[in-house]
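whatever this is, show me its structure:
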Amino acid sequence: MKFDKRLLAQLNNVRIFFVFTILCGFVIGILTMAQAYTLSQIIAQVFLQHATLDRVWNAMLVLLSIIIVRAILAWASEVSAFQIAVRIKTDLRERMFKQLLQLSPAYARGERTGELSHTLTEGIEALDAYFSQYLPQLVLAALLPFAILLFVFPLDWLSGIVLFFTGPLIPIFMMLIGSAADMLTRKQYSQLSLMSAHFLDVLQGLTTLKIFGRSREQIETIARVSHQFRDTTLSVLRVAFLSAFALEMIATIGTAIVAVQVGLRLLYDQLDFERAFFVLVLAPDFYLPLRLLGTRFHAGMSGVAAAARIFEILETNDGRRKTRAMPSPLVIHLPSIVFKDVHYSYDGTRPAVNGVSFTIEPGQRVALVGHTGAGKSTIVHLLMRFIEPTHGEIFCGGISSREVSPEAWRAQIAWVPQLPYLFNDSIANNIRLARPEATMDQVIHAAQLAHADDFIRGLPQAYDTIIGERGARLSGGQAQRLALARAFLKDAPILILDEPTSNLDVETEELIQDSMERLMQNKTALIVTHRLNTAILANQIIVLKEGCIAEIGTHATLMERRGAYFRLVMVKENA
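Sure thing, here's the model as predicted:
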């Protein structure tokens, strides 16, 4: 198994437990030799010297004590090894989740959700055997056989030579077979991640598959992926069984050679019984740490395969600029927003935003319009600090984004998206997401301002109603009003409305328009929209085309120019 320095570095925070686990295992090995020595003495005295129970009673008590101490140390070693794995897995999960939050939604959209979830849960869980079993056994496999040889050589040099030359055959065969097993294990983990991601995709798109009659095809696809995973798993097991057979065969042959030569020399009085019996009992224990290493090698390989993906995520850098922390949180009553020659491109391809410069004055409402792909969503993500400009500056109230942490910056922004995400929780908790410390009266007041209170009170448990994953039990208009309630509750000085009235019936749209008008009072607002009646609400309209600003002005002046905005409006009216 190739050692990953990044994995070994995880032991730094649990080194005490790791050393204790090794120490317990080593003492158990020493006690095993003491047990074998005591047992050989008892048997020699009873069967050769015809000793009575009284004569060997003390030796039997010593033997019993050794057995009890070994059992206690074995338990302590298991507990310590468990603590190593638990602490490392907890730390990695926290770091990975924190990294995913720092990478922002822009990174998550480029990945498969099922695969990320699998890595965060089962991938990290696969590291258990690596830290709790393989690494401690690796150290013990180097220490215990050497310690046994130190005991055996002075008593019987010939047996020591046999053990010395047959012992290294086990790790040699383990490395030869392990290279093939490592490749198959990585393939197995990759296929399991793919299967998890595809299965989640199918579940999320089940309605679409049913409508288009493609559900049976997906059943066949999942069956094919499952068969591939099964075949790879069987290949891994085949190699693991082959490895176990080879290691057991070498250990058995080595023990047999020791037994034969010890028996022959005992027969010809070249070796006394007590030493011969001691060496014979100790021979299997010489190979045991090496055999256990081979077994735990295969148990830990899944963790190594998962670690590659775990550290790939942990080491991902989205190009986010480091900010210089402000001495106090950013608090601006009514800020201006300035984009100054802002550029951004995804993965170094064609710029999504190319030299954009505009100013939103304090309390002003600005509409952002343009065809799909013009760069509207990119500007919103830049303003919310989900991504950072590759060039240029963004200012809020005269303060550069470089000077403020993303958390402090976002505290000034309320966002109402086109498709709000609602969690499988109560309506009250979904609204309270904007301000967790808010009282129930404040939550209800925010819902009333968003015209959501009436339909909420009509639900079975009112504000305590569980609305299902992604708000499955609510209509699109109801979900949109809950998003507005969040914005009312947060009451931030900057407001971003991202297509808030799309795909709604006339009555619901009127309610939301009224809520939006209320919400935008005394706020600096950026409205992303395709709808003419929403754009008219703005004091200024910015028209985007291929990542650049094509026009800026009011609805009236832009219509008089008969430019890009005029053509956009004509297309909408004729559609």
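
can we go C-alpha only for contacts and neighbour counts from here?
Noted.

check contacts around residue 366.
360, 525, 526, 527, 538, 539, 540, 541, 542 (Cα atoms under 8 Å, 6 or more residues apart in numbering).

which pair in those spans the largest distance?
525 and 542 (12.8 Å; Cα to Cα).

higher neighbour count, these two?
Taking neighbours as other Cα atoms under 10 Å, residue 525 and residue 542 compare with residue 525 leading, 29 against 25.

helices and strands around the helix or strand hosting that one, which ones?
Assigned by DSSP states H and E, residue 525 falls within strand 524-528. Packed against strand 524-528, as judged by 3 or more Cα pairs under 8 Å, 6 or more residues apart in numbering; DSSP states H and E, are the following elements: strand 365-369, strand 494-498.

tell me which of those sits most buried.
Sort these by mean neighbour count, taking mean count of other Cα atoms under 10 Å, and strand 365-369 sits at the top with a mean of 25.

starting at the chain centroid, how far to that strand?
Distance, stretch centre to chain centre, for strand 365-369: 38 Å (Cα atoms, centre = their mean, to the nearest Å).

after it, next one along is what?
Next element after strand 365-369 (DSSP H and E): helix 376-383.

now that next one and strand 524-528, what's the angle there?
Between helix 376-383 and strand 524-528, the angle comes out at 150 degrees (axes from the mean of the first three to the mean of the last three Cα atoms, to 10 degrees).

run the chain-centre distance for helix 376-383.
Worked out by Cα atoms, centre = their mean, helix 376-383 lies 27 Å from the chain centre.

so what touches the helix or strand just after that helix?
Note on helix 376-383: by DSSP H and E, the next helix or strand toward the C-terminus is strand 391-396. Strand 391-396 is contacted by residues 335-344, 355, 383, 400-401 when judged by Cα under 8 Å, 6+ apart.

try it again with 10 Å
330, 332, 334-345, 354-360, 362, 382-383, 385, 388, 399-404, 409, 412, 494 (Cα atoms under 10 Å, 6 or more residues apart in numbering).

please apply the same query to stretch 452-460.
Against stretch 452-460 from outside (Cα under 10 Å, 6+ apart): 427-428, 443-448, 462-467, 474, 477-485, 511-512, 515.

end to end, how far does that stretch reach?
End-to-end distance for stretch 452-460, by Cα to Cα, to the nearest Å: 15 Å.

what is the mean pLDDT for that stretch?
Stretch 452-460 comes out with an average pLDDT of 82.

repeat for stretch 52-69
Mean per-residue pLDDT for stretch 52-69: 85.

dump the residue contacts of the closest residue to residue 493 other than its chain neighbours.
Leaving out its chain neighbours, the residue that sits closest to residue 493 by Cα to Cα, 6 or more residues apart in numbering is residue 523, at 5.1 Å. Neighbouring residues of residue 523 by Cα under 10 Å, 6+ apart: 333-336, 362-365, 491-495.

pull up the gap between residue 381 and residue 135, please.
Distance from residue 381 to residue 135, by Cα to Cα: 44 Å.

the more surrounded of these two?
residue 135 (20 against 16).

helices or strands up against the helix or strand where residue 231 lies?
Residue 231 belongs to helix 215-267 when elements are defined using DSSP H and E. Where contact means 3 or more Cα pairs under 10 Å, 6 or more residues apart in numbering; DSSP states H and E, helix 215-267 is packed against helix 157-166, helix 169-204, helix 206-211, helix 273-314.

can you flag the weakest of those by average pLDDT?
helix 206-211 (a mean of 64).

hang on, the earlier thing: can you say which of the helices and strands packed on helix 215-267 is nearest to residue 221?
Once the helices and strands packed on helix 215-267 are compared by Cα to Cα, helix 169-204 is nearest, at 9.2 Å.

what is the neighbour count of residue 192?
Using other Cα under 10 Å: residue 192 sits among 23 other residues.

any idea how far residue 536 is from the closest residue to it other than its chain neighbours?
Distances taken as Cα to Cα, 6+ apart place residue 229 nearest to residue 192, at 6.7 Å, with adjacent residues excluded. Per Cα to Cα, residue 229 is found 56 Å from residue 536.

phi and psi next, for the residue nearest to residue 493.
phi -140, psi 150 (degrees, to the nearest 10).

quick one: pLDDT of it?
Reading off the model, residue 523 has pLDDT 82.

please enumerate the strands of the stretch 451-575 of the chain.
494-498, 524-528, 540-545, 548-553 (DSSP state E, counting those that start in this stretch).

okay, and the helix or strand of this protein with the least pLDDT?
helix 206-211 (a mean of 64; mean pLDDT, DSSP states H and E).

touching, residue 538 and residue 527? I think so.
Yes. Using Cα atoms under 10 Å, residue 538 is in contact with residue 527, at 7.7 Å.

spit out the residues that contact the two alike.
Common neighbours of residue 538 and residue 527 (Cα under 10 Å, 6+ apart) are 365, 366, 367, 368.

now tabulate those residues in TSV and tack on pLDDT and distance to residue 300.
TSV is the format used below for the shared contacts of residue 538 and residue 527 (pLDDT from 0 to 100; distance: Cα to Cα, whole Å):
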residue	pLDDT	distance to residue 300
365	84	58
366	86	57
367	84	56
368	84	53
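
which of those residues sits closest to residue 34?
When the shared contacts of residue 538 and residue 527 are compared against residue 34 (criterion: Cα to Cα), the nearest one is residue 368, at 81.6 Å.

wait, the closest one sits on residue 376?
Yes. Using Cα under 10 Å, residue 368 is in contact with residue 376, at 6.6 Å.

give me the common contacts of these two.
Among the neighbours of residue 368, those also in contact with residue 376 (Cα under 10 Å, 6+ apart) are 498, 527, 528, 529, 542, 543, 544.

ok, so of the contacts of residue 366, who is nearest residue 99?
residue 526 (28.8 Å).

which residues does the closest one contact?
Residue 526 touches 337, 360, 364-368, 380, 383, 415, 494-498, 520, 538, 540-541, counting by Cα under 10 Å, 6+ apart.

how about 8 Å then?
Counting by Cα under 8 Å, 6+ apart, residue 526 has contacts 365, 366, 367, 368, 495, 496, 497.

same check on residue 462?
427, 456.

ok, now the one 4 residues further on?
With contact taken as Cα under 8 Å, 6+ apart, residue 466 is in contact with 424, 425, 426, 427.

sweet, I'm off.
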